[in-house]
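S.K.: I'll drop the sequence and a predicted model, then ask my questions.
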Amino acid sequence: MRWLPVLLSLALPFGSFAAKKSASSVDRFEEFHTKAVAAATPIKLDDKAYKKLTTAPRDYTAAVLLTAMDNRFGCQLCREFQPEWELLGKSWTKGDKKGESRLIFGTLDFADGRDTFVSLGLQTAPVLLLFQPTTGPHAVSTVEPLRYDFTNGPQVAEQVHSWIARQMPDRPQPAVKRPINYILWITSTVSLLGAVAVGFKVWPYVLPVVQNRNVWATLTIIMILACTGGHMFNQIRRVPYVSGDGKGNINYFTGGFQNQLGIETQIVGFIYGALSFMVIALILRAPRQADKNFQQGLVIALSAGVFLLYGGLLAIFRIKNGGYPFALPPF
């Protein structure tokens, strides 16, 4: 029993040291969380504050955005993402004033953290790092921070929120709350009311046009011709308008059914349209002509036009399919 006081006295410094380390992590979280609640935005850091926030051990999570807002760096993505980052930090902090999620948002600009950028070997910005807890109930095995991928196009607060939430599934995750854009609402309301008023005013003049079957027939034919000519193929494949033949000349048509040019679609659409017009004229206009000679001449002219245009269409088809055996003169 005489050795018990001696052993206790030897173990006391180590217990005090461990308690000091744990208290230090807790104190750091309280310090930064108080600043975040007061500022209602991600905490602005410098080299010293960044090191203090991210130093292990820590029983909290830290999300730090390393950015370069100065115009001389020309970081367009930094300036575009900064409002989204501030919105995320503000929404999260307001929704978690008690700090139950144990998450701190911080921003380190290159102007305030040059040494940190150099130590991390960063050559680009922005960079978003998520430092996870190393102690406590939410501790992870690795001390290396997670890095957010900015290469997937424009980033918004909701996307980053989802990424952070996936890393801390068992903790509170306050949603992003965007401020109400009153100017947009007022502008939209006034525009809608104006459009309704104009619609009521012009409706008596528009209604006959809307109900005219010839208008709908024309629109339908135009749509059919556009789709038949290959307009949707051009939109999907993003084909060039024309191409060269390697000899300084221009190709208006290209061989193969998987290849097409923009001008090729227009030419084929025009031929289809002209053929449709001539056939409709033969059916509807020619029989109504009172003058027999004029009627006969009109029928001959329209028939010749159909023959020539159809021959041209076959010639184009032979360009697309070299093995096609049929043709009409003079092509």
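M.R.: In hand now; what should we look at? Numbers count the residues shown, from 1 in each chain.

S.K.: from here on, contacts and neighbour counts on C-alpha atoms
M.R.: Noted.

S.K.: could you pull out the strands for the stretch 1-150 of the chain?
M.R.: Ranges of strands in the stretch 1-150 of the chain, per DSSP state E, counting those that start in this stretch, are 43-45, 61-67, 103-109, 127-131, 146-147.

S.K.: So for Ser243, which of these sits nearest?
M.R.: Ser243 lies closest, by Cα to Cα, to one member of the strands of the stretch 1-150 of the chain: strand 127-131, at 42.9 Å.

S.K.: Can you list the low-confidence ranges for this protein?
M.R.: 1-25, 153-154 (pLDDT under 70).

S.K.: Residue ranges of each domain in it, please.
M.R.: 25-167, 212-320 (the TED database).

S.K.: for Leu313, what are its contacts?
M.R.: Shown in contact with Leu313 (Cα atoms under 8 Å, 6 or more residues apart in numbering): Val268, Ile271.

S.K.: can you tell me how far it sits from Leu282?
M.R.: In this view, Leu313 and Leu282 are 20 Å apart by Cα to Cα, to the nearest Å.

S.K.: where exactly do the helices run in the stretch 201-331 of the chain?
M.R.: 213-229, 231-237, 262-280, 292-320 (DSSP state H, counting those that start in this stretch).

S.K.: do the stretch 1-150 of the chain as well
M.R.: In the stretch 1-150 of the chain, the helices defined using DSSP H, counting those that start in this stretch lie at 3-39, 47-54, 76-95, 114-120.

S.K.: Show me the one of the strands of the stretch 1-150 of the chain that comes nearest Ile271.
M.R.: Smallest distance to Ile271 across the strands of the stretch 1-150 of the chain (Cα to Cα): 56.2 Å, for strand 127-131.

S.K.: which helices and strands does whichever strand or helix holds Gln159 pack with?
M.R.: Taking DSSP states H and E as the criterion, Gln159 maps to helix 157-167. If you count contacts as 3 or more Cα pairs under 8 Å, 6 or more residues apart in numbering; DSSP states H and E, helix 157-167 packs onto helix 76-95.

S.K.: count of neighbours near Leu103?
M.R.: Burial measure for Leu103: 28 neighbouring residues, criterion other Cα atoms under 10 Å.

S.K.: any idea how far the closest residue in space to it that isn't next to it in sequence is from Leu128?
M.R.: Nearest non-adjacent residue to Leu103, counting by Cα to Cα, 6 or more residues apart in numbering: Thr61, 4.7 Å away. Separation of Thr61 from Leu128 (Cα to Cα): 13 Å.

S.K.: Pick out whichever of those two has more residues nearby.
M.R.: Thr61 (24 against 21).

S.K.: Stretch 225-235: end-to-end distance?
M.R.: First-to-last distance for stretch 225-235 - Cα to Cα - comes to 15 Å.

S.K.: same deal with stretch 135-144?
M.R.: End-to-end distance of stretch 135-144 (Cα to Cα): 14 Å.

S.K.: in that stretch, what's buried?
M.R.: Across stretch 135-144, burial judged by 16 or more other Cα atoms under 10 Å covers Thr135, Ala139.

S.K.: how distant is it from the center of its chain?
M.R.: 34 Å (Cα atoms, centre = their mean, to the nearest Å).

S.K.: isn't Gly312 right next to Phe331, touching?
M.R.: Yes: applying Cα atoms under 8 Å, one finds Gly312 in contact with Phe331, separated by 6.5 Å.

S.K.: if you count what's nearby, which of those two comes out ahead?
M.R.: Using other Cα under 10 Å as the criterion, Gly312 and Phe331 rank with Gly312 on top: 19 against 11.

S.K.: ok, now which ones touch the more buried one?
M.R.: With contacts defined as Cα under 8 Å, 6+ apart, the neighbours of Gly312 are Leu328, Phe331.
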